[in-house]
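Asks: model the following, please.
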Amino acid sequence: MKNILILDDDPVILEIIKDELAKSGKYNILLASNGVEGLGVLESNSIDILITDLLMPEFDGIQLISYMKENQINIPVLVITSVDDTDVIDQIKNLGIADILKKPIDFNELEQKISFAIKNHGTFEKKINLLSLCKLFITEKRSSEISIIKGKHKGSLCIKTGQIIYADFDTVSGKKAVEELFTLSDVKIELNGKCNKTDSNINESDWKFIFDKFLTSGVKGTIDLDISKINNAVEKLKNDLGEGLIATEMWNTDDLQIVAGFNSDPKARTIFSGIAEYLNNSLKQCSFPELDDYYILNLKKNRLILVLLLENYQWGLLVNRKDGIMGFLISILIPELKKVFKSARSLI
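Replies: Numbering: from 1, shown residues only. Have a look, this model is predicted:
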């Protein structure tokens, strides 16, 4: 019986995958909710294959894969992701994994990929590619500090919210260091957690040069939105609505990654992205026009949900329903938030 370790920070997803795979009776299934737990399971059990999400709080799937490569923990890895962008998928594959399975999970396909990955494991032993790793972090607007070792030479990159702010390599630093690091091959990569640097040796013009030269291919939607304007709008919502605002968040519908928010809920992002798609499919079947730029749900417990559909983003608000709120939402708030998005979108 093969031992499978499943790693995801969503307990519901963990149980669903476990229950589906258990039906075959071919697997002994172990679960972990983050990279630290997963590492403990790997070190204390004989695991035949790891199935993991990538982006989780704290020690995540990317860090775990990197640790496994560095420490010769030689088992195949399947990545489960909601990312639909083929360029980003290619970046994930360059982490040296066996295969990728996109959400929602097709469990017949998952079992096929498990069998193939275990049988053909020896073909997946490539090192993590630094440029692809950085593209992935920048696409996902992640923060990370990366150490790079090439023989006796050492360097580092610090990425904060999807932008390289600091770099050094031997005696050079800043833009020059990034250029040298991105031309290296067969390097050892260590992920040291989030970037905590407060200083920077890469200014905005340096960053634009680096982005245009190395990162334009395969990186979409990374510097095309002024996040500060969205954050300011969230603060204004909190002030204007007071206790009437229960939660709000904007997210990218391509990968469900949050841009800004207050009392955010990752499950809500998944559900409401699905609602918009389901409603449009249903309307199409009835020969009705598709959704325009927002929809409103009237909930029990005196609450309302407003979701704005903004190109490849959605902006959701959960508010307390009270007298006059509908008029305020439709006549004032929706136009104001659309204006904020348009202003933030025109950054580049």
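Asks: for the rest of this, base every contact and every neighbour count on C-alpha atoms.
Replies: Noted.
Asks: residue ranges of the strands in the stretch 151-300 of the chain, please?
Replies: Assigned by DSSP state E, counting those that start in this stretch, the strands in the stretch 151-300 of the chain fall at 153-160, 163-169, 172-173, 188-191, 245-252, 258-262, 294-299.
Asks: how about a markdown table for those strands, with distance to residue 119, mean neighbour count and mean pLDDT added?
Replies: Listed next are the strands of the stretch 151-300 of the chain as a markdown table, based on distance: least, Cα to Cα, whole Å; neighbours: other Cα atoms under 10 Å; pLDDT from 0 to 100:
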| stretch | distance to residue 119 | mean neighbour count | mean pLDDT |
| --- | --- | --- | --- |
| strand 153-160 | 36 | 20 | 94 |
| strand 163-169 | 39 | 24 | 95 |
| strand 172-173 | 44 | 16 | 96 |
| strand 188-191 | 27 | 19 | 83 |
| strand 245-252 | 37 | 21 | 90 |
| strand 258-262 | 37 | 19 | 83 |
| strand 294-299 | 48 | 14 | 92 |
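Asks: could these be laid out in TSV, adding distance to residue 55?
Replies: Output for those, formatted as TSV (distance: least, Cα to Cα, whole Å):
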stretch	distance to residue 55
strand 153-160	15
strand 163-169	17
strand 172-173	29
strand 188-191	14
strand 245-252	15
strand 258-262	12
strand 294-299	28
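Asks: looking at those, which is closest to residue 205?
Replies: Set against residue 205 and scored by Cα to Cα, those come closest in strand 163-169, at 11.5 Å.
Asks: which neighbouring elements make contact with the closest one?
Replies: If you count contacts as 3 or more Cα pairs under 8 Å, 6 or more residues apart in numbering; DSSP states H and E, strand 163-169 packs onto strand 153-160, helix 175-182, helix 204-210.
Asks: so which of the strands of the stretch 151-300 of the chain is nearest residue 275?
Replies: Nearest to residue 275, of all these, is strand 294-299, at 10.1 Å by Cα to Cα.
Asks: how far does the closest one sit from its chain's centre?
Replies: In terms of Cα atoms, centre = their mean, to the nearest Å, the centre of strand 294-299 is set 27 Å apart from its chain centre.
Asks: partner strands of it, with direction?
Replies: Its sheet considered, strand 294-299 pairs with strand 303-310 (antiparallel) by DSSP bridges.
Asks: residues in contact with the partner strand?
Replies: 272, 292-299, 314-321, 334, 338, 341 (Cα atoms under 8 Å, 6 or more residues apart in numbering).
Asks: for stretch 321-341, same thing?
Replies: Here stretch 321-341 makes contact (Cα under 8 Å, 6+ apart) with 229, 230, 233, 244, 302, 303, 304, 308, 310.
Asks: kind regards, and thank you for your time.
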